[in-house]
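> Next input, structure requested:
(2 chains)
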Amino acid sequence: MSHREGMPIYNQLRVLRAERGLSRVALAKSVEVHPQTIGAIERGDYFPSLDLAFRFSDVFELPIEAIFSRKPFAPLSAQLYNKEARS
Amino acid sequence: MSRQGSDGTTDLVRSPSSPVALSLCALSAAMMVLSLISEGNAFSDSWWLVAFAVWLLMWGVLRSMTRGVAERPREGLDERERGLRDRVSFIGYQCAVGAGMAVVLLMVAFQNEPAMIERMPALLTTLMLTSSALPSIILGLSGAGVEDAEADHDE
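Numbering: from 1, shown residues only, chains lettered A, B, ... in the order given. Coordinates of the predicted model:
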């Protein structure tokens, strides 16, 4: 997938890392990249390849669309409370 | 999804190698001026020779500081680092070609002025050295490949 200007790819890496208590170094080790690359992806400065996205997917055991999205992710609290309100 | 655009690691303030990279740029500029204003060939100008020795030393230091990306075998780099190294190498190559062409144009323009022609070898040397160091300079300014750069730390 090539980058298109004005179409950013948002990600949940920081949230997922915090949730699972993973440091950047630990996550970088799991997906075999440099910790700086994790930082660049988290800041949205670098968009990973599909191969790397699948590696994140394997590490977090989540589908790719749960980690990366074209639309901004809602805050975790909002997601959680909306879900509870509906159920 | 991969992108080769502006990279957040290009933070001039936080990179420990950026002072060395900036100094190398300044020294290259000084050598360029020296090679143009020296009496005859700058190879015999002691200031230019001293600057050249310091330049080589600083380049070695910068090369060492950026070895994480600049020196590591390609297999040891991740996709972002590979892209970054390819990009800076290409910039260096383009600058080397441009510098060579610029000197050729100068030689054509000043072909009837022997004093100016005599300055060209030192000018070409300075420009080629700077072009060859440009990948290291860009990596140094960006902080990429510097082992203890900011991204190693968690927020």
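> Just the buried positions in the longest helix anywhere in chain B, please.
If you go by DSSP state H, chain B has its longest helix at helix B:79-109. Across helix B:79-109, burial judged by 16 or more other C-beta atoms under 10 Å in any protein chain shown covers B:Arg80, B:Glu81, B:Gly83, B:Leu84, B:Arg85, B:Val88, B:Gly92, B:Cys95, B:Ala96, B:Ala99, B:Val103, B:Leu106. (Each C-beta comes from the backbone N, C-alpha and C, glycine too.)
> now the residues you listed in JSON lines, with pLDDT and distance to B:Ser38?
Shown next, in JSON lines, are the buried residues of helix B:79-109 (pLDDT from 0 to 100; distance: C-beta to C-beta, whole Å):
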{"residue": "B:Arg80", "pLDDT": "92", "distance to B:Ser38": "43"}
{"residue": "B:Glu81", "pLDDT": "92", "distance to B:Ser38": "40"}
{"residue": "B:Gly83", "pLDDT": "93", "distance to B:Ser38": "41"}
{"residue": "B:Leu84", "pLDDT": "92", "distance to B:Ser38": "37"}
{"residue": "B:Arg85", "pLDDT": "93", "distance to B:Ser38": "36"}
{"residue": "B:Val88", "pLDDT": "94", "distance to B:Ser38": "31"}
{"residue": "B:Gly92", "pLDDT": "95", "distance to B:Ser38": "26"}
{"residue": "B:Cys95", "pLDDT": "95", "distance to B:Ser38": "23"}
{"residue": "B:Ala96", "pLDDT": "95", "distance to B:Ser38": "23"}
{"residue": "B:Ala99", "pLDDT": "94", "distance to B:Ser38": "19"}
{"residue": "B:Val103", "pLDDT": "94", "distance to B:Ser38": "16"}
{"residue": "B:Leu106", "pLDDT": "93", "distance to B:Ser38": "15"}
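> Name the nearest of those residues relative to chain A.
Of all these, chain A sits closest to B:Arg80, with 4.5 Å by C-beta to the nearest C-beta.
> distance of the closest one from A:Ile38?
B:Arg80 sits 10 Å away from A:Ile38, going by C-beta to C-beta, to the nearest Å.
> near chain B, which residues of chain A show up?
A:1, A:3, A:9, A:14, A:23-25, A:32-40, A:43, A:45-53, A:68 (C-beta under 8 Å from any C-beta of the partner chain).
> I only care about those that end up buried; give me the ChimeraX line for that.
Selection of the buried residues among the residues of chain A next to chain B in ChimeraX, burial being defined by 16+ other C-beta under 10 Å:
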select /A:9,14,24,33,34,35,36,37,38,39,40,45,46,47,48,49,52,53,68
